[in-house]
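Novice: Below is the structure, and that's it, no one-letter string:
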């Protein structure tokens, strides 16, 4: 703004005068005035000071002035003018002559006229009638300029002169910074400006640029920047990821929490480095959790089979949170003279040092040592005179990348000892600087005899049983896992042996014939296999119910007394617990008096219903420990439960370390009933102690909100985990999960406890794939009577798809109804989290079950597992297996993996027990299209028709490859249609067997 600058010069000096005055608002102003209207031919100049051009290429001049109307001045008609002229001159420096002005040096910009002029009346009323005019000039090329104003005979006053140029201001667009830029010289000029990426941002496709218009406005940006790895976009800038978070790519996505077992130690991390002992495979992205190499294989057993040696082992206890477990078998040949060489490792811990040898009769010795890490294994073996086995030793089916836990070794030479090492490996074993964890066994084929049971004693005898005991083998053969007892009648035409097992040095043989002589042999089993059988011992049963004398009779009396005492004690506890259920109408003192008789007896674990307490806090404090709220750090919300939020957190331990925990909070505004139910769930969990039951860490009741703290299960609920990892597990791994669930339910059943809501959604999975039963919100106690049941509240919610028919119909729950639910869980696991009964309504499910329908085997489900499911779904609850039997059945499947190789993808073997004997609903449809609509797959009607599948009979013969061929490529849709085909096929078989024409 140039207003009345004293550096201005007037030529001639009296032509323009600097006058200070007041405007119409009495504000002081400085003006330059010229009013030489009485004389003709005026040429008065006013020149500004030198103005630096800066970045301007086009100059704008704003004039504010007043001009008097010539008609308001008498006698000036020929000399008064109503315009004046404006000029400019460019120079590189302030070099103008202060004494003179040459008009020829100046370039005229324009002649200025007033829009409004003032007269005598305005002058008297102090009305200025200010005019504003703007003129532009350009392009400018010199370093500065002068402005000049020429008066040619007007009565004019310059109030303000402002010289300026237009520019686009500094700005940020698309994570780019653009500096302030002057507009171009021409009215249509566009100035291209290159942008700079903001800190933390990089160019992705095209460098950022924008155009500045002649009006000083930015046009649409081209190109741009994105936040680089390790930075996230926050408003219009890139912010470094904080510690514990990372971002592995460019773009606008936010930073995310480091995957499990990884952590960052500085802001702006593009990847989370793995914690010590954890790694990522070379092909795994930064989003994958870090995993660890597996622990050593367990229970390595060597046994002689004809002309070869069989090595068997159990999977490691820790598979490193990975599914790509494999094994490697290494062989070393050693000189037999080195008898006491123990293949070991740099580790200082060894377990079960065991010597076992083989001779031609099957007797074996071996030195077994757990080897968690062996960096210098070959050097250690070389010190013992061992060298790698040659080609003559063959390991079948191979020695590397083994998936099974069994190999056969052939070509052994009796002149040597052999050391076999079995190592566990997975996808990150090659990333670890340590050698794979392994277990080894040393074998020697010779005639050494040891580990034999030498003496068997008769403790008692009855007409149908024998109680025997024996002494353990004298030789040091390591830890004895169990004994195998084989017996038969001594005199019989066709010898038939019976085998039983015992973990102790005693056994009672039952189911024997009276007055019959039996031959008994016993052998011990260690980690290296079975030892030799003992010599045959003969024992005879008695003719009477009891044939005892002397010391044996006294021992029996003692045992009978103990058993009788235990029975009486159990009855006392039973009646005390029955009395424990004091009604709420009783005085509180009476309840407290009854509680004092709940003595904790050794060996007895009884469940106490927290709903019998008038104050739930009393039950909580009896069964759960109170945790100081300052020990809990909440890290984030992982879900919402019935009572409030479920959070992930860490609990500070006494040693200063922190353990991950799950925290359930009681939502604000809770009712007293909700608080009671919330605390009672903690009281229930606090009474359980089993590896397959979710562990209660404690409760927080002395602060707000009330919290329940449990162990943290990394993989969340089983149903979601299976859906996320569809098809990623072997049948043996699925059986292992089911075995864990069954073991947990057996524990609950042993405590006379009914869960009522057993489903895959209520099973939690940790990083080691261990399954644990959780969610005891619907659970209730079952009294001592094994046939007792809990009667649900009227109108209570029941999960129909998982609930036994008698529980749905009569609201009565037993351990048998839990077994029905367990069968549904088995179906969920083998179908990888599919919804039971698919899209059927609850009423349709109830009707179908009443009519005998049962879920078919999922795709690729072993027949053995589906048979167990059908056993769980027996209509008569007394015919269903108990959980102790289910655990035993699953253990048998685990011990015989071949039993899982037969899949139930074909027609069900026995459709009659579980199919509707009436006309099947699926066959009520007249076309394939109607059938597809019934299973919610109507979108594929045209595919079936085009491929020639126009009848249900043709559809029933379709297989997986047929679906892929006609265009059904989605795995989920293939599964759903195949399940429908399986049901359709089974129903057709049933109708044919019943004489119904299909």
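Specialist: Nice, I can see it. As the structure is a prediction and not an experimental result, all values here were calculated from the model. Numbering: from 1, shown residues only.
Novice: Surely residue 709 is within a helix?
Specialist: No - assessed with DSSP: H, G, I helix; E, B strand; the rest coil, residue 709 is strand; it does not lie in a helix.
Novice: dump the residue contacts of the closest residue to it other than its chain neighbours.
Specialist: In space, and not counting its chain neighbours, residue 709 is closest to residue 697: 4.3 Å by Cβ to Cβ, 6 or more residues apart in numbering. All C-beta atoms are positioned from the backbone trio N, CA, C, and that covers glycine. Going by Cβ atoms under 8 Å, 6 or more residues apart in numbering, residue 697 touches 627, 651, 661, 709, 710, 711.
Novice: now residue 199
Specialist: Residue 199 neighbours (Cβ under 8 Å, 6+ apart): 237, 238.
Novice: Next one: residue 186 from residue 249, what distance?
Specialist: Separation of residue 186 from residue 249 (Cβ to Cβ, to the nearest Å): 44 Å.
Novice: name the helices or strands packed onto the helix or strand harbouring residue 417?
Specialist: Secondary structure assigned from DSSP states H and E places residue 417 in strand 416-425. Under the contact criterion of 3 or more Cβ pairs under 8 Å, 6 or more residues apart in numbering; DSSP states H and E, strand 416-425 touches strand 308-314, strand 326-335, strand 438-444.
Novice: Tell me where the stretch 551-700 of the chain has strands.
Specialist: 632-640, 645-652, 658-665, 696-700 (DSSP state E, counting those that start in this stretch).
Novice: so which of those comes closest to residue 433?
Specialist: Ranking the strands of the stretch 551-700 of the chain by proximity to residue 433 (Cβ to Cβ) places strand 658-665 first, at 26.7 Å.
Novice: re earlier: okay, the helices and strands packed on strand 416-425, which one's buried deepest?
Specialist: Highest mean neighbour count among the helices and strands packed on strand 416-425 (mean count of other Cβ atoms under 10 Å): strand 438-444, with a mean of 26.
Novice: And the next helix or strand past it?
Specialist: Moving toward the C-terminus from strand 438-444, the next helix or strand (DSSP H and E) is strand 456-461.
Novice: Enumerate the positions of that following strand that are buried.
Specialist: 456, 460, 461 (16 or more other Cβ atoms under 10 Å).
Novice: Next: stretch 740-757.
Specialist: 740-749, 752-757.
Novice: Name the stretch among the strands of the stretch 551-700 of the chain that sits most buried.
Specialist: strand 696-700 (a mean of 22).
Novice: so how far is that one off the chain centroid?
Specialist: 23 Å (Cα atoms, centre = their mean, to the nearest Å).
Novice: Please apply the same query to stretch 24-39.
Specialist: That offset, for stretch 24-39, works out to 83 Å (Cα atoms, centre = their mean).
Novice: Now do it: distance from first to last residue.
Specialist: End-to-end distance for stretch 24-39, by Cα to Cα, to the nearest Å: 29 Å.
Novice: what's the answer for stretch 507-520, then?
Specialist: For stretch 507-520, the end-to-end distance is 12 Å (Cα to Cα).
Novice: low pLDDT regions in the stretch 651-800 of the chain?
Specialist: 777-797 (pLDDT under 70).
Novice: is it true that residue 979 touches residue 861?
Specialist: No - in this structure, residue 979 is not within contact of residue 861 by Cβ atoms under 8 Å, at 10.5 Å.
Novice: So for those two, which sits in the more crowded spot?
Specialist: Using other Cβ atoms under 10 Å as the criterion, residue 979 and residue 861 rank with residue 861 on top: 22 against 19.
Novice: circling back: hmm, which two among the buried residues of stretch 740-757 are most spread apart?
Specialist: Across those (Cβ to Cβ), the longest gap, 21.3 Å, separates 740 and 752.
Novice: Would you confirm that residue 206 belongs to a strand?
Specialist: No - counting by three-state DSSP, residue 206 is not part of a strand but coil.
Novice: OK, contacts around the spatially most central residue of the chain?
Specialist: Nearest to the centroid of the C-alpha atoms of the chain, with distances taken as Cα atoms, centre = their mean, sits residue 715, at 4.8 Å. Shown in contact with residue 715 (Cβ under 8 Å, 6+ apart): 721, 764, 765, 766, 767, 769.
Novice: Please pick the buried ones from these.
Specialist: The neighbour count (16+ other Cβ under 10 Å) marks 721, 764, 765, 767, 769 as buried among the contacts of residue 715.
Novice: what residues are up against the first one?
Specialist: Contact criterion Cβ under 8 Å, 6+ apart gives 715, 765, 833 as the residues in contact with residue 721.
Novice: Please spell out which residues along the one helix or strand it maps to are buried.
Specialist: Secondary structure assigned from DSSP H and E places residue 721 in helix 718-724. Applying a neighbour-count criterion of 16+ other Cβ under 10 Å, one finds 718, 719, 721, 722, 723 buried in helix 718-724.
Novice: Please render those residues as JSON lines that adds distance to residue 894 to the earlier fields.
Specialist: As requested, those are exported to JSON lines (distance: Cβ to Cβ, whole Å):
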{"residue": "718", "distance to residue 894": "19"}
{"residue": "719", "distance to residue 894": "23"}
{"residue": "721", "distance to residue 894": "21"}
{"residue": "722", "distance to residue 894": "19"}
{"residue": "723", "distance to residue 894": "25"}
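Novice: got a list of what the nearest residue in space to residue 229 that is not next to it in sequence touches?
Specialist: Excluding its sequence neighbours, the residue lying closest to residue 229 (Cβ to Cβ, 6+ apart) is residue 270, at 3.4 Å. If a contact means Cβ under 8 Å, 6+ apart, then residue 270 has 228, 229, 230, 246, 247, 248, 286 as its contacts.
Novice: By neighbours, which of those residues wins?
Specialist: Neighbour-wise, the contacts of residue 270 (other Cβ under 10 Å) top out at residue 246, 26 neighbours.
Novice: you'd agree residue 764 is in a helix?
Specialist: No - counting by three-state DSSP, residue 764 is not part of a helix but strand.
Novice: I'd say it and residue 714 touch.
Specialist: No - counting by Cβ under 8 Å, residue 764 does not reach residue 714; the two are 9.3 Å apart.
Novice: Tell me the spacing between the residue nearest to residue 709 and residue 640.
Specialist: 21 Å.
Novice: how about the helices in the stretch 751-900 of the chain?
Specialist: For the stretch 751-900 of the chain, the helices defined by DSSP state H, counting those that start in this stretch cover 805-810, 815-830, 842-850, 863-872, 883-895.
Novice: Find the nearest non-adjacent residue to residue 227, please.
Specialist: residue 238 (4.0 Å).
Novice: The one you found pairs with what?
Specialist: Counting by DSSP bridges, residue 238 is bridged to residue 233.
Novice: Distance check, it against residue 272.
Specialist: 19 Å.
Novice: now do residue 322
Specialist: Where residue 272 is concerned, residue 322 sits at a distance of 18 Å (Cβ to Cβ).
Novice: The helix holding residue 721: how far from the chain's middle?
Specialist: For helix 718-724 - counting by Cα atoms, centre = their mean - the centre lies 10 Å from the chain centre.
Novice: same thing with stretch 949-957?
Specialist: With Cα atoms, centre = their mean as the basis, stretch 949-957 stands 42 Å off its chain's centre.
Novice: Can you measure across it, start residue to end residue?
Specialist: So stretch 949-957: terminal residues 10 Å apart, Cα to Cα.
Novice: Pull out the buried positions in that stretch.
Specialist: 949, 952, 955, 956.
Novice: for stretch 885-898, same thing?
Specialist: In stretch 885-898, counting by 16+ other Cβ under 10 Å, buried: 886, 887, 889, 890, 893.
Novice: In contact with residue 457, which residues?
Specialist: Residue 457 neighbours (Cβ under 8 Å, 6+ apart): 468, 469, 470.
Novice: In contact with residue 711, which residues?
Specialist: Here residue 711 is in contact with 661, 662, 694, 695, 697, 766 (Cβ under 8 Å, 6+ apart).
Novice: so the third one makes contact with residue 684?
Specialist: If I follow you right, that is residue 694. No - judged on Cβ under 8 Å, residue 694 makes no contact with residue 684 at a distance of 10.7 Å.
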